[in-house]
Every structure is written in structure tokens, then in C-alpha cells.
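Undergrad: Build the 3D model from these lines:
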Amino acid sequence: MKPVRFGVVFTASGRQADPREAGRAARLAEEAGLDSFLVWDHYMLPQTSRTLEALALLGYLAGRTERIRLGTCVTPLPLRPPGVLAKTVATLDVVSGGRIILGVGAGWHRPEFEAYSEWLDDAARVDKTEEALRLLIDLWTKPNVSFSGRYYRVRDAALEPKPVQRPHPPLWFGTVRRRMLRLMVEFGSGWIPINLSSEEYASVREGLIGRVRSGFVFANVCWPSSSEAEMRKRMADFQRAGCDYYLEVLGDDYERQIEWMSGLGRAV
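TA: Sure, this is the predicted structure:
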């Protein structure tokens, strides 16, 4: 089995919609030797509309940290104009020194889309996600881009400076749906589902073996563990299922979660 890397997910919502807490948690995670600090990317959630804008928050965290990788878990691509998203992510990669991960999803919370964008059915949102992915990658990798799709059109767009990471920042997909998994195989460098059992994880992963690119990251996100023993068991279960990158959503007692995870990282 491959060694497991560790990361955490900060909700940036409710009581965690606090940049000081985000900065403190990110620094603790970095000091503990964790690999990544990801944030939820939502404007509205079923339980609260108190949220921090994820990409702006990552810019703040880039200035508060030095080594830990920063990213989203995950960004609903149809929510924002892809050209604006491409420029923002490229700038974040530059200011962070090449530490940005873009989580990819098609979106799921209808009120959020109706408030800030446009809600379409599942198939259309995946279509928009595919167009957005193609446009993002073109803007990050080509000197000049013209694009004409069903949903997005761009004429003579130049994006400079390019991201530090080449060919572009990693794209980690938070999905288990068939069409999104096909897009992940084509464009992605990581898989970051949430709330799967280890058996479900192993089943989906089996269908991906031999289809993904070299260096692909098989990650997984769990809800907060209540004890170090629970975290250790979860991590071991998912490692046996083929996960090589274990993350947890940070709860109110995130200091202990980070401490436990640091200990597990030293042990594996």
C-alpha cells in the first residue's frame, strides 16, 4: 500500500466564517506537517448563508502560510464565469508560489445557483462543467484563446501571468457520478469524494484503475472524528480501500483533529 498523505477541510461557513480562525487553523496544519488545507466553496448552504468567499479566503491564507497546499473542496464550476475563475486561480497560484489545488464539481445546491447564477438540470450543469474545464485549461496553457461553446464564448483572451504549476494547477474532482467521473479521467489529477463508506470507495476506485493518469491522487474526505482511535481506524479502512490521501472536515475542536492527524502522519 502507498503511504498516506493528510489534509484538512475548513468549512468557511457558520462559526467558521471567520478569517482569523481560518488563518489559525491553516498555520496549525502547516506546522503539523499536513499536506493540504482546503476550504468549502459555497455562497449559501442549507444550514447557513454565513459564508466566506473561498477564492478570496485562499488569497488571505496564501499570505499567512508558506508551504502547505491550498485549495477548494470543491468549486462548482457552473457558478462562476470560467474566464474569471481561470484568472483568479492563476493569480492565486502565482501569489502562493504554486500551491493551489482546484476542486471540481458541477454544483448541487439549487438556492445558491438561483441566487448567484443560473440553475439548470443535472445534465446541463455537467455540460457547462465540461465546457468550463476546456476553457480553463486553454486559458492556463495557451497564449491566446478564442472559444465558442453552447454556454461560453471567448474571443482573443490572453491570460498572463500563467499559473506557476505546469501545465496548470491540479484538478481534483469531488464526484461519484458517471459523467463526472469520465471528465475526471480526461482532465483530473485527483479524486476527492466525501461521505463514502470504505466499501463504496473501493468499488468506485476499482473502475478507475488503469484509466487515470500517472500520479493520480486517490483522496477521500471524512466528517470529523470523535477520537484519535476513530480517526486511525477510518484512515486504515480507506487505505485498504486504495485511498492514499486522507482528509477530514474540521469541526469545532480542530486543534485535536490536526494533532491526531500529525501523529498518524508520523506513524505511517
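Undergrad: give me the number of residues near residue 181?
TA: 19 (other CB atoms under 10 Å). (Each C-beta comes from the backbone N, C-alpha and C, glycine too.)
Undergrad: centre of the chain versus the helix or strand hosting it, how much separation?
TA: Assigned by DSSP states H and E, residue 181 falls within helix 178-187. With CA atoms, centre = their mean, to the nearest Å as the basis, helix 178-187 stands 15 Å off its chain's centre.
Undergrad: packing partners for it?
TA: The contact analysis (3 or more CB pairs under 8 Å, 6 or more residues apart in numbering; DSSP states H and E) places helix 178-187 against strand 100-105, helix 122-141, strand 171-173, helix 198-208.
Undergrad: at 7 Å instead, please
TA: With contacts taken as 3 or more CB pairs under 7 Å, 6 or more residues apart in numbering; DSSP states H and E, helix 178-187 sits against helix 122-141, strand 171-173.
Undergrad: what about the residue nearest to residue 110 when sequence neighbours are not counted, distance to residue 106?
TA: Nearest non-adjacent residue to residue 110, counting by CB to CB, 6 or more residues apart in numbering: residue 119, 5.1 Å away. Computed with CB to CB, to the nearest Å, the distance linking residue 119 and residue 106 is 12 Å.
Undergrad: what's the answer for residue 167, then?
TA: In terms of CB to CB, residue 167 sits 23 Å off from residue 106.
Undergrad: which of these two has more neighbours?
TA: It is residue 106, of residue 167 and residue 106, that has more neighbours when counted by other CB under 10 Å, with 27 against 9.
Undergrad: so where do the helices sit in the stretch 151-268 of the chain?
TA: Along the stretch 151-268 of the chain, counting by DSSP state H, counting those that start in this stretch, helices occupy 178-187, 198-208, 228-240, 254-267.
Undergrad: Now do the third one: distance to the chain's middle.
TA: On the basis of CA atoms, centre = their mean, the separation between the geometric centre of helix 228-240 and that of its chain is 21 Å.
Undergrad: what angle sits between that helix and helix 254-267?
TA: Relative orientation of helix 228-240 and helix 254-267, computed by axes from the mean of the first three to the mean of the last three CA atoms, to 10 degrees: 50 degrees.
Undergrad: With the shortest one instead?
TA: For the pair helix 178-187 and helix 254-267, the angle between their directions (the same axes, to 10 degrees) equals 50 degrees.
Undergrad: Can you list the neighbours in contact with helix 178-187?
TA: Residues outside helix 178-187 that contact it (CB atoms under 7 Å, 6 or more residues apart in numbering) are 106, 126, 129-130, 133, 137, 171, 173, 175, 191, 208, 211-212.
Undergrad: if we can go back for a sec, okay, and the residue nearest to residue 110 sits in which element?
TA: Residue 119 belongs to no helix or strand when assigned by DSSP H and E.
Undergrad: close enough to count as contact, it and residue 112?
TA: No - the criterion here is CB atoms under 7 Å, and residue 119 misses it with residue 112 at 8.8 Å.
Undergrad: Looking at these two, which has the bigger crowd around it?
TA: When neighbours are counted by other CB under 10 Å, residue 119 and residue 112 differ, and residue 112 comes out ahead with 20 against 15.
Undergrad: rewinding a little: residue 73 is nearest to which of the helices and strands packed on helix 178-187?
TA: Among the helices and strands packed on helix 178-187, strand 171-173 comes nearest to residue 73, with 7.9 Å by CB to CB.
Undergrad: what packs against the closest one?
TA: Looks like strand 171-173 contacts strand 100-105, helix 178-187, strand 190-191 (3+ CB pairs under 7 Å, 6+ apart).
Undergrad: Make CSV from the ones you listed and add distance to residue 202 and mean pLDDT to it.
TA: Output for the helices and strands packed on strand 171-173, formatted as CSV (distance: least, CB to CB, whole Å; pLDDT from 0 to 100):
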stretch, distance to residue 202, mean pLDDT
strand 100-105, 22, 98
helix 178-187, 15, 97
strand 190-191, 12, 98
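Undergrad: Just say which of the ones you listed is most tucked in.
TA: A comparison of these by mean neighbour count, using mean count of other CB atoms under 10 Å, puts strand 100-105 on top with a mean of 26.
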